[in-house]
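> here is a sequence with its predicted model. Questions after.
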Amino acid sequence: MGKKGMMLLKTLLIKNGFLVDGSGNPGKRGSLLIRGDRIERVVLEGEILKDVGVDEVFDAEGFAVSPGFIDIHSHQDALIFANPMSEAKLRQGVTTEVIGNCGFSPFPAPKDEAKLKIFVGLMESLDFQFPAEGVSWTDFDSFMEMAEKRSFGTNLLPLVAHGAIRVTAMGGDQRAPSEEEMNKMALLLKESLEQGAWGMSSGLAYAPGSFAEPEEIEMLCGEIKKADSFYTSHVRNEGDGVLPSIDEAIEMGRKTGCRVNISHIKAMGVANWNQSDIILKKLADAKGEGIDVSADQYPYPASSTILGVLTPKWANDGGTEKLCERILNREENPTLLAEIEKNMMSRGGPDRVIITRCATTYDPPVGGRTITEIAEEFGLSPIDTVAKLIVESVNSVSAIYLSLADEDVSEILKDSEIMVGSDGMVNLEYPQYSHPRTFGTFPRVLGRYVREEKILSLESAIRKMTSLPAERIGLKGRGLLKPGYVADITIFDPATVGDRGTYTEANLEPVGIYRVMMNGEWIVQSGKLTGKKCGKILRKE
């Protein structure tokens, strides 16, 4: 092609910044030359940049310049049709989100009507927002065809979920799969990985994942190993059974050789506090044995998930409608409420459970209030209140559980191999009642744990948010400030960066995130969104 036919790419110089390149190495003053959507040159202070004409110059004096943050654990797929912009993540410097976590993904979807009803019920319990035309896809390819009609705010890397695979293959029953069903699950996983999913997630604390015995997961992890993909697990129990549950995840790596990640690693419930050193030793010992294991974490002493997580595994056999029937039929199931109450107490009790989202509307609204407060309003006991909320919302109700220890959060975060992930999604109806991790995870690490508490260096924190998750998921060409890499860049003020959200006013914007670039385009300038939708759904090649 001659010069007249050549497309001229825009050039940009980001100069005088403190470059934290994502590798963990000491930051250095310097400049970045960007051409189109790629970093062309990294020029350190003292080096001379010659013979370069640029279209735009940004002076980053006083700012840190890093790769765009990679959220290794996101639930933005629930909002992919309703809120594709993902503004809450962009404002905290996130440019890429890994979706399909905790055993739930929108694909594969069953063709069978009965199984599809169970699938839709499970997804709606997690507040998945289906498009107006409903479920018109069956596999990853057809889902992508539907999803890519939208424009996105962030880059999205989809995982296929064990829960979706299991329901598509065998419905919502609590039983072992037949040989035919097991082969169907393996085929569905293989197809998803071949079509571009980045790996598989499991949610072993939730139905239908909780129905799977370790042998079922092991067989699927064998397929993941063959595809050189990634397995991440919301382990079976994060409270009283956290240690054996972590052992189970590690065992998948030991037996199959696949890359294993433990999602939002924690020790939940007062009885399990101060076990972070034991948890970290388990990971270190496994790595020393040659097992490829890692973990991610959100930096808050509170978890958040559906209220239905308090129900025992057996009560979820057959899907959401069966769960609600069992709660209502107390004569047939006399122990069910007692088991729910036991699980609630292990998470801190009704005073420490704050409702965030409920599909049923009450006057006054239940969002932002504890189970104790709502029980007083209803004139019921706390356990009857939980039962009422689950049944009347058809299990589509979520809560924050104030059940973690600050000391454990800090101790785990110190570990150099623990990645940062938000585990976040926005409550669209009442964003103030979302978990604050959705709006502040990455600025909180940089503000509280780097600047204030000094338990991390700036360089190690940035590595946890950039190159480390890129390496674990297998994402090439992003996560470092390096020539040839995609220009995903976050520019922030180390002296002011931080989160502001609370558990009842979560949607306060973070501070100190000044500019964000994605795929070579500014999406945040002076802390404000530019309105550009530069994100893409990325397939694994």
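Looks like it came in fine. Numbering: from 1, shown residues only.
> the longest helix seen in the chain packs against which elements?
Longest helix in the chain, counting residues (DSSP state H): helix 179-195. Helices and strands touching helix 179-195, by 3 or more Cβ pairs under 8 Å, 6 or more residues apart in numbering; DSSP states H and E, are helix 140-147, strand 160-161, helix 162-170, strand 199-203, helix 214-226. The way it works is simple: take the backbone N, C-alpha and C, and place the C-beta from them, glycine included.
> quick one: the ones you listed as JSON lines, columns for distance to V394 and mean neighbour count too.
Formatted as JSON lines, those follow (distance: least, Cβ to Cβ, whole Å; neighbours: other Cβ atoms under 10 Å):
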{"stretch": "helix 140-147", "distance to V394": "24", "mean neighbour count": "19"}
{"stretch": "strand 160-161", "distance to V394": "21", "mean neighbour count": "30"}
{"stretch": "helix 162-170", "distance to V394": "17", "mean neighbour count": "26"}
{"stretch": "strand 199-203", "distance to V394": "19", "mean neighbour count": "29"}
{"stretch": "helix 214-226", "distance to V394": "27", "mean neighbour count": "19"}
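> in TSV, list the ones you listed along with distance to E179.
Below are those laid out as TSV (distance: least, Cβ to Cβ, whole Å):
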stretch	distance to E179
helix 140-147	25
strand 160-161	22
helix 162-170	12
strand 199-203	20
helix 214-226	11
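> between these, which gets nearest to V353?
V353 sits nearest to strand 199-203 of all those, at 19.8 Å, using Cβ to Cβ.
> which elements pack onto that closest one?
Applying 3+ Cβ pairs under 8 Å, 6+ apart, we find strand 199-203 packed against strand 160-161, helix 162-170, helix 179-195, helix 214-226, strand 230-234.
> one more pass at 7 Å, please.
On a contact count with 3 or more Cβ pairs under 7 Å, 6 or more residues apart in numbering; DSSP states H and E, strand 199-203 meets helix 162-170, helix 214-226, strand 230-234.
> S393: which of those is closest?
S393 sits nearest to helix 162-170 of all these, at 19.7 Å, using Cβ to Cβ.
> coming back round to it: the longest helix of the chain - what's its average pLDDT?
Mean pLDDT, computed over helix 179-195, is 98.
> what do you get for stretch 240-253?
Stretch 240-253 carries an average pLDDT of 97.
> that older thread, could you dump the helices and strands packed on strand 199-203 into a markdown table with mean pLDDT and distance to T496 added?
Shown next, in a markdown table, are the helices and strands packed on strand 199-203 (pLDDT from 0 to 100; distance: least, Cβ to Cβ, whole Å):
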| stretch | mean pLDDT | distance to T496 |
| --- | --- | --- |
| helix 162-170 | 98 | 41 |
| helix 214-226 | 98 | 42 |
| strand 230-234 | 98 | 33 |
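> got JSON lines for those, with distance to Y401 too?
Conversion of those to JSON lines gives the following (distance: least, Cβ to Cβ, whole Å):
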{"stretch": "helix 162-170", "distance to Y401": "21"}
{"stretch": "helix 214-226", "distance to Y401": "25"}
{"stretch": "strand 230-234", "distance to Y401": "14"}
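> which of these sits closest to G199?
strand 230-234 (3.1 Å).
> what angle do the closest one and helix 179-195 make?
With axes from the mean of the first three to the mean of the last three Cα atoms, to 10 degrees applied, the angle from strand 230-234 to helix 179-195 works out at 120 degrees.
> so what's L243 up against?
L243 is in contact with I278, counting by Cβ atoms under 7 Å, 6 or more residues apart in numbering.
> kindly recompute the last result at 8 Å.
Remark: with contacts taken as Cβ atoms under 8 Å, 6 or more residues apart in numbering, L243 is in contact with 275, 278-279, 282.
> please identify the helix or strand for it.
helix 242-256 (DSSP states H and E).
> report the buried residues of that helix.
For helix 242-256, the neighbour count (16 or more other Cβ atoms under 10 Å) marks 242, 245-246, 248-254, 256 as buried.
> and stretch 525-533, by the same measure?
Neighbour-count burial for stretch 525-533 [16+ other Cβ under 10 Å]: 527, 532-533.
> from these, pick the one nearest L33.
For the buried residues of stretch 525-533, the nearest to L33 is K532 (21.2 Å; Cβ to Cβ).
> that closest one and K414, how far apart?
37 Å (Cβ to Cβ, to the nearest Å).
> do the same with F107
To K414, F107 is 37 Å away according to Cβ to Cβ.
> who's more crowded, those two?
Ranked by neighbour count (other Cβ atoms under 10 Å), F107 and K414 place F107 first, with 28 against 14.
> would you verify that the more buried one is located in a helix?
No: counting by DSSP: H, G, I helix; E, B strand; the rest coil, F107 falls outside a helix, being coil.
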